[in-house]
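Visitor: Quick check, what structure comes out for this input:
(one chain, ligands or ions: 1)
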Amino acid sequence: MSLLFRVNLILAVVFGAGLAVMLLLNRGLLLDSAHREAMNQAELMMLSARAARQYTSENIAPLLQDKIEQQFLPETVPAFAAGRIFERLRKDLPNYAYKEATLNPTNPEDRAADWEADVIRHFRNFPEQKEWSLERESPEGTVLVLARPIRIESASCLLCHSTPAAAPAAFRARYGDNNGYGWQVGEIVGSQIVSVPAAVPQELANRLLREFVIVVGATMLAVFIAVDAALILFVIRPLRRMSKLADALSKGEENVAQFDSRGASDIVSLGAAFNRMRRSLEKAMQMLAR
Ligand code: HEC
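Guide: I've put the predicted structure just below:
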């Protein structure tokens, strides 16, 4: 096995092991940060929904208070505003969703699906829990879900959500008498549910990983080339020259040149020693010849 081959083999083993360890560590880190990124997006949507709700109840509802007496305007309802805003958002970002999933909803579109009903029941069983994040498979791929309970905090909500008799007539005319009633103060009636696709940040993590492998791989290749070139130039070539000279001398050839020792100090001193040995050998041969 040549020197070059051995050195390259050692380098390949060390680099390979290093790259494998780095990949393993970085993959975990990148996937973690992808998950955090998706969760940040979900949190942002949750905050936007809250802002839309607050804006509606604080800025819009008071303006339309007079009109509401004659005609019920759902535009004054926070749940309606948040629902419509995210409906529009979905036109640009179809994989992002916000829903106020409710077991007994006023608007049938808000009725909780099976898995959402499980989330609501979970919040009912653990009233202290303020937030729950989970991962689920959907037809569009893996989605990260952030859920928060919707609790009826104030009796003012019961104007529309207690009994049909208590609700404004215009409200009943629009939403009917069958659902969205019977809510109680303190009850968890539903859950705000934000879904964001996990694929986007995961794809980003994979791209970063690919770029990392390319950069590290290219650096390692450059190190290989540099080490090989240095080895050939400073060690292998002088050694070959020396072995050629030694070969010629051992065959008794005449006019064999001196070893030209240049370069690294180790090779220079080896060359000097070789030339000394050669002179001693020639002297010994001359003495023998006499
Ligand atoms: C003036 C009547 C009215 C009041 C008061 C009211 N809501 Fe509603 N609420 C509605 C209407 C109308 C909808 C359906 C909106 C839609 O079509 O998306 C609704 C929907 C909801 C929803 C979405 C689920 C569903 O039932 O469709 C939640 C959650 C909700 N309301 C919570 C509350 C809370 C909490 C309060 C008190 C802070 C409250 N509401 C007060 C009229 C009202």
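Visitor: tell me which parts of this structure are close to the ligand?
Guide: 74, 77, 79-80, 83, 100, 102, 105-107, 110, 150, 152, 154, 156-157, 159-161, 171, 175, 180, 190 (Cβ under 6 Å from any ligand atom). Every C-beta, even on glycine, is put in place using the N, C-alpha and C of the backbone.
Visitor: now those residues: which count as buried?
Guide: Among these, those classed as buried by 16 or more other Cβ atoms under 10 Å are 77, 79-80, 83, 100, 102, 105-107, 110, 150, 152, 157, 160-161, 171, 175, 180, 190.
Visitor: These in helices, which ones?
Guide: Counted as lying in helices by DSSP state H, out of these, are 79, 80, 83, 160, 161, 171, 175.
Visitor: Do I have it right that the first one meets residue 98?
Guide: What it means is residue 79. No - using Cβ atoms under 8 Å, residue 79 makes no contact with residue 98, being 10.9 Å away.
Visitor: Quick check: which ranges of the stretch 1-150 of the chain have low pLDDT?
Guide: Within the stretch 1-150 of the chain, no stretch has pLDDT under 70.
Visitor: all strands for it, in order.
Guide: 97-102, 132-138, 141-151 (DSSP state E, counting those that start in this stretch).
Visitor: What residues of stretch 114-129 count as buried?
Guide: 116, 117, 119, 120, 122, 123.
Visitor: Bridging across strands, which residues link to residue 101?
Guide: residue 191 (DSSP bridges).
Visitor: contacting residues for it?
Guide: Going by Cβ atoms under 8 Å, 6 or more residues apart in numbering, residue 101 touches 110, 111, 112, 113, 116, 117, 119, 120, 190, 191, 192, 193.
Visitor: Name the nearest of those residues relative to residue 216.
Guide: residue 193 (40.9 Å; Cβ to Cβ).
Visitor: residues contacting that closest one?
Guide: Contacts for residue 193 (Cβ under 8 Å, 6+ apart) come out as 97, 98, 99, 100, 101, 116, 119, 145, 146, 147.
Visitor: Between the residues you listed, which sits nearest the ligand?
Guide: Within the contacts of residue 193, the smallest distance to the ligand is 4.0 Å, found for residue 100 (Cβ to the nearest ligand atom).
Visitor: Correct me if wrong: the closest one contacts residue 109.
Guide: No - under the criterion of Cβ under 8 Å, residue 100 makes no contact with residue 109, lying 9.7 Å away.
Visitor: List the residues that are in contact with both of the two.
Guide: With Cβ under 8 Å, 6+ apart, residue 100 and residue 109 have common neighbours residue 83.
Visitor: For the helix or strand hosting residue 237, which helices and strands make contact with it?
Guide: For residue 237, the host element (DSSP states H and E) is helix 237-250. Applying 3 or more Cβ pairs under 8 Å, 6 or more residues apart in numbering; DSSP states H and E, one finds that helix 237-250 contacts helix 265-289.
Visitor: Check which residues of the helix it packs on are buried.
Guide: Buried, per 16+ other Cβ under 10 Å, within helix 265-289: 267, 270, 271, 274, 275, 278.
Visitor: Skipping adjacent residues, who's closest to the first one in space?
Guide: In other words, residue 267. residue 238 (4.8 Å; Cβ to Cβ, 6 or more residues apart in numbering).
Visitor: which residues does the one you found contact?
Guide: Contacts were defined as Cβ under 8 Å, 6+ apart; by that measure residue 238 touches 261, 263, 267, 270, 271.
Visitor: In CSV: those residues, plus pLDDT.
Guide: Converted to CSV, the contacts of residue 238 look like this (pLDDT from 0 to 100):
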residue, pLDDT
261, 74
263, 78
267, 87
270, 89
271, 89
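Visitor: Which member of the residues you listed is positioned nearest the ligand?
Guide: For the contacts of residue 238, the nearest to the ligand is residue 263 (82.0 Å; Cβ to the nearest ligand atom).
Visitor: Quick check: that closest one is in a helix.
Guide: No - counting by DSSP: H, G, I helix; E, B strand; the rest coil, one finds residue 263 to be coil, located in no helix.
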